[in-house]
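Enquirer: sequence? don't have it. structure:
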């Protein structure tokens, strides 16, 4: 390791090592394909990507009523255009190399997850915390929350989270450095985010708080300065909105092109066909209780490390008032809005996937604890509980990535005899959901079921042999015989189990060695920072 590196160089090197380290860990935990091809959310977005590349169009093939018919009698995706556009380079790369375009497109989520972890580190550094504390916080987020399982699953929340987080990070840099470039880039990232999903528009109040904080000085409440600050704030809003509006225009154009109305996203049509109220179909307190306390989707059960937020937000607030207000406002905006959603649980999925975007903002204040005097003095009363909680969080994430997340729902159907609710919509996707009471029943706790599934798979592994189901087999029969139900959900384990080849295990060992080297290097760089702080 070279000596004499500047602070910027050390931070840059740690960021590169961290991104590479997390990318390898996430790549090791990928599955070969079943996480992708049976998820309609992914299929629709992928088909839009393929249509853009091959036909310069956004219409997609009809697939058993799983898409919505547009005003031109063609079929369209229900989901935003942003993810599909971002996936275009990955699709082209897959075609150029001549391998599976599905696999290359799925890498988008993996890289977005790794990038978010790295940005958690950089944001924490920008807030003035040590390299050591910032690195640990980033690891807490990357390996201790359900960000890891969602990085291998085919939803768009991992990319949504990346751009929401970048937007807030850049707005904070603008607040500190007063640079217009950061303001413009913040608006750009929010614009991309709302083209992935419309929900990120809820981050706008938090961004305005940070923007307003950047207009204020030490004497911001002085009467003779109020008018000047108001003018600066107005100018910033104008610049930000000028950047954001073209992206909003793209959303409105996409709605109009598909359905003949700038306000029709397709979900309203789906709701009308199904006879349900999607956006206010759940009582607020029920949704909140589900997100925060239910065993089925309780946020803190799937990311126990996040519980430290309540112990660190107060000192964090004292040191960083405006970022704290922005973080809390963003968290509450997501929680209060999504709690009213009829399908607040977001199934079929692992954990409360709709809340991934707030997760880095819950984890980041933990840096205040990690840089505290009591932590640096190796106070076991402080450190031991934190390490225990992180170890629990890590084990939960490992169990989540080890077994295909559909196994939980198969388990309920096969072993618990749970009857799913089915909402039919003519000419649209049939929606199959769990009975609401299941989410609040401890006997159906997904994390516990996941552990049971791991035990079952490991126990039955030596007896399992894959057999191709008959052509007239039902979907349920095909799922029961699918390897994902009987094999640990890792690509290298699939290679061994189905092909009896040790190539996957050899690759695994190489990747683990490389990850270990990267981990050692970034740890050494961060330790030097810790030693300097102790010496001072």
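Expert: Received it, and whenever you're ready, just let me know what you need. All values derive from a computational prediction rather than experimental measurement.

Enquirer: got the phi and psi for the closest residue to residue 356 other than its chain neighbours?
Expert: Closest residue to residue 356 apart from its sequence neighbours, by C-beta to C-beta, 6 or more residues apart in numbering: residue 157 at 4.4 Å. For every residue, glycine as well, the C-beta is placed using N, CA and C. Here the main-chain torsion angles of residue 157 (degrees, to the nearest 10) amount to phi -70, psi -30.

Enquirer: show the pLDDT at residue 157.
Expert: Here the pLDDT value assigned to residue 157 is 94.

Enquirer: measure the spatially most central residue of the chain to residue 293 for me?
Expert: Residue closest to the average C-alpha location in the chain (C-alpha atoms, centre = their mean): residue 158, at 2.9 Å. Separation of residue 158 from residue 293 (C-beta to C-beta, to the nearest Å): 25 Å.

Enquirer: low-confidence ranges in the protein?
Expert: 1-3, 33-38, 63-66, 216-224, 274, 424-430, 462-466, 471, 473-480, 528-536 (pLDDT under 70).

Enquirer: what ranges do the strands span in it?
Expert: Along the chain, counting by DSSP state E, strands occupy 68-69, 75-76, 421-423, 431-433.

Enquirer: list the contacts of the residue nearest to the centre of the chain.
Expert: Listed by C-beta atoms under 8 Å, 6 or more residues apart in numbering, the contact partners of residue 158 are 109, 112, 113, 116, 147, 150, 151, 356.

Enquirer: what's the most buried one of the strands of the chain?
Expert: Comparing the strands of the chain by mean neighbour count (mean count of other C-beta atoms under 10 Å), strand 75-76 ranks first with a mean of 22.

Enquirer: one step back: dump the strands of the chain to CSV, plus distance to residue 48.
Expert: Formatted as CSV, these follow (distance: least, C-beta to C-beta, whole Å):
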stretch, distance to residue 48
strand 68-69, 13
strand 75-76, 8
strand 421-423, 24
strand 431-433, 20
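
Enquirer: nearest to residue 249, of those strands?
Expert: strand 75-76 (18.3 Å; C-beta to C-beta).

Enquirer: what packs against that closest one?
Expert: Helices and strands touching strand 75-76, by 3 or more C-beta pairs under 8 Å, 6 or more residues apart in numbering; DSSP states H and E, are strand 68-69.

Enquirer: which strands and helices lie in contact with the strand it packs on?
Expert: Counting by 3+ C-beta pairs under 8 Å, 6+ apart, strand 68-69 packs on strand 75-76.

Enquirer: residue 59 contacts residue 47, correct?
Expert: No - contact criterion C-beta atoms under 8 Å: residue 59 and residue 47 do not qualify, at 9.1 Å.

Enquirer: returning to what we had before: for residue 103, see how far away the residue nearest to the centre of the chain is.
Expert: On the measure of C-beta to C-beta, residue 158 and residue 103 end up 16 Å apart.

Enquirer: same thing with residue 240?
Expert: In terms of C-beta to C-beta, residue 240 sits 38 Å off from residue 103.

Enquirer: tell me which of these two has more neighbours.
Expert: Per other C-beta atoms under 10 Å, whichever of residue 240 and residue 103 has more neighbours is residue 240, with 22 against 15.

Enquirer: what's the burial count for residue 56?
Expert: The number of residues near residue 56, taken as other C-beta under 10 Å, comes to 7.

Enquirer: the residue nearest to residue 295 when sequence neighbours are not counted: neighbouring residues, count only.
Expert: Closest residue in space to residue 295, ignoring its immediate chain neighbours: residue 445 at 4.4 Å, by C-beta to C-beta, 6+ apart. Residue neighbour count, defined by other C-beta under 10 Å, stands at 16 for residue 445.

Enquirer: start the count at 8, not 1, going forward
Expert: Okay, using 8 as the starting number, the last item reads as residue 452.

Enquirer: ok, residue 452 touching residue 305?
Expert: No - using C-beta under 8 Å, residue 452 is not in contact with residue 305; the gap is 9.5 Å.

Enquirer: the closest residue in space to residue 248 that isn't next to it in sequence and residue 310, how far apart?
Expert: Excluding the flanking residues, the one nearest residue 248 by C-beta to C-beta, 6+ apart is residue 194, at 7.5 Å. Remark: distance between residue 194 and residue 310 (C-beta to C-beta) = 29 Å.

Enquirer: do the same with residue 11
Expert: Taken as C-beta to C-beta, the span from residue 11 to residue 310 is 39 Å.

Enquirer: who's more crowded, the two?
Expert: Taking other C-beta under 10 Å, residue 11 and residue 310 do not tie; residue 310 has more neighbours (27 against 5).

Enquirer: contacting residues for that one?
Expert: 151, 152, 153, 358, 366, 369, 400, 403.

Enquirer: sorry, back to before: a markdown table please, covering the contacts of residue 165 and showing neighbour count and distance to residue 275.
Expert: Output for those, formatted as a markdown table (neighbours: other C-beta atoms under 10 Å; distance: C-beta to C-beta, whole Å):
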| residue | neighbour count | distance to residue 275 |
| --- | --- | --- |
| 116 | 27 | 27 |
| 119 | 21 | 28 |
| 120 | 27 | 31 |
| 123 | 27 | 31 |
| 154 | 26 | 30 |
| 157 | 26 | 26 |
| 158 | 27 | 31 |
| 363 | 27 | 24 |
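
Enquirer: so residue 75 bridges to which residues?
Expert: Note on residue 75: beta-bridge partners by DSSP bridges are residue 83.

Enquirer: ok, it touching residue 271?
Expert: No - in this structure residue 75 lies outside contact range of residue 271 using C-beta under 8 Å: 9.5 Å.

Enquirer: so what's in contact with those two at the same time?
Expert: Joint contacts of residue 75 and residue 271 (C-beta under 8 Å, 6+ apart) are residue 265.

Enquirer: what about stretch 172-185, distance to the chain center?
Expert: 20 Å (C-alpha atoms, centre = their mean, to the nearest Å).

Enquirer: in that stretch, what's buried?
Expert: 172, 173, 174, 175, 176, 177, 178, 179, 180, 181, 182 (16 or more other C-beta atoms under 10 Å).

Enquirer: same question, stretch 196-214
Expert: Of the residues in stretch 196-214, those buried (16+ other C-beta under 10 Å) are 196-204, 206-211, 213-214.

Enquirer: can you give me the helices in the stretch 208-357 of the chain?
Expert: 211-220, 230-266, 274-281, 291-299, 306-309, 316-326, 328-345 (DSSP state H, counting those that start in this stretch).

Enquirer: which of those helices sits closest to residue 504?
Expert: Checking those against residue 504 by C-beta to C-beta gives helix 306-309 as the closest, at 27.4 Å.

Enquirer: helices or strands next to the closest one in the packing?
Expert: Using 3+ C-beta pairs under 8 Å, 6+ apart, helix 306-309 is in contact with helix 291-299, helix 387-409.

Enquirer: contacting residues around the first one?
Expert: Spelled out, that is helix 291-299. Against helix 291-299 from outside (C-beta under 8 Å, 6+ apart): 303-307, 342-343, 345-348, 351-352, 359, 362, 446-447.

Enquirer: now list the buried members of the residues you listed.
Expert: 303-307, 342, 345-348, 351-352, 359, 362, 446-447.

Enquirer: and which of the residues you listed is nearest to residue 466?
Expert: For those, the nearest to residue 466 is residue 303 (25.7 Å; C-beta to C-beta).

Enquirer: what sits against the residue nearest to residue 248?
Expert: 174, 246, 247, 248, 249, 250, 251.

Enquirer: please convert the buried members of those into ChimeraX selection syntax.
Expert: Of these, the buried ones can be selected in ChimeraX as follows, counting by 16+ other C-beta under 10 Å:
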select :174,247,250,251
